[in-house]
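Participant: turn this into a structure:
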Amino acid sequence: MRVWNAAASRMCCIATMRVLQTYLDGTLDEVAARRVAEHLEDCRRCGLEAEVYQEIKTALGEQDRTVDPRAIERLRHFGEQLARGDASARGDHGA
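Facilitator: Sure, this is the predicted structure:
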């Protein structure tokens, strides 16, 4: 008969880091999210990493997302040049 081992059921740092972004996005399944949360509480290094990621995510979310219409037009023009096969858009200047 096998006895349940709490230590064996815990996530390791590598497994936690693989799913950390998904966890922070709130899209990880409930069981895995609980295991990640437990690991983050027990592991100082991973907990600090998660805090930094969350701070970055929050800061990026607070940024002004207004895009200069001229930048969009330049990008559109560049894309059209590429679609036409214009060598100057690719940087192929006769080489």
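Participant: residue nearest the centroid of the chain?
Facilitator: residue 21 (5.4 Å; Cα atoms, centre = their mean).
Participant: give the buried residues for the helix or strand harbouring that residue.
Facilitator: Assessed by DSSP states H and E, residue 21 sits inside helix 13-25. Of all the residues in helix 13-25, those buried under the rule 16 or more other Cβ atoms under 10 Å are 16-17, 19-20, 23-24. Any C-beta I mention is one placed from the backbone N, CA and C, and that applies to glycine too.
Participant: how about stretch 39-47?
Facilitator: Those would be 39-40, 43, 46, for stretch 39-47 by 16+ other Cβ under 10 Å.
Participant: from these, which is closest to residue 66?
Facilitator: Distance to residue 66, by Cβ to Cβ, is smallest for residue 40 among the buried residues of stretch 39-47, at 34.6 Å.
Participant: burial count for residue 33?
Facilitator: Residues near residue 33, counting by other Cβ atoms under 10 Å, number 15.
Participant: that one touches residue 23, doesn't it?
Facilitator: Yes - assessed by Cβ atoms under 8 Å, residue 33 is found in contact with residue 23 at 5.8 Å.
Participant: hang on, the earlier thing: which other helices and strands contact the helix holding residue 21?
Facilitator: helix 30-42, helix 44-61 (3 or more Cβ pairs under 8 Å, 6 or more residues apart in numbering; DSSP states H and E).
Participant: how far away is residue 83 from residue 67?
Facilitator: Noted for residue 83: a distance of 21 Å to residue 67, by Cβ to Cβ, to the nearest Å.
Participant: let me fix that, I meant to ask about residue 14.
Facilitator: Using Cβ to Cβ, residue 14 is found at 37 Å from residue 67.
Participant: for stretch 29-36, the distance to its chain's centre please.
Facilitator: 18 Å (Cα atoms, centre = their mean, to the nearest Å).
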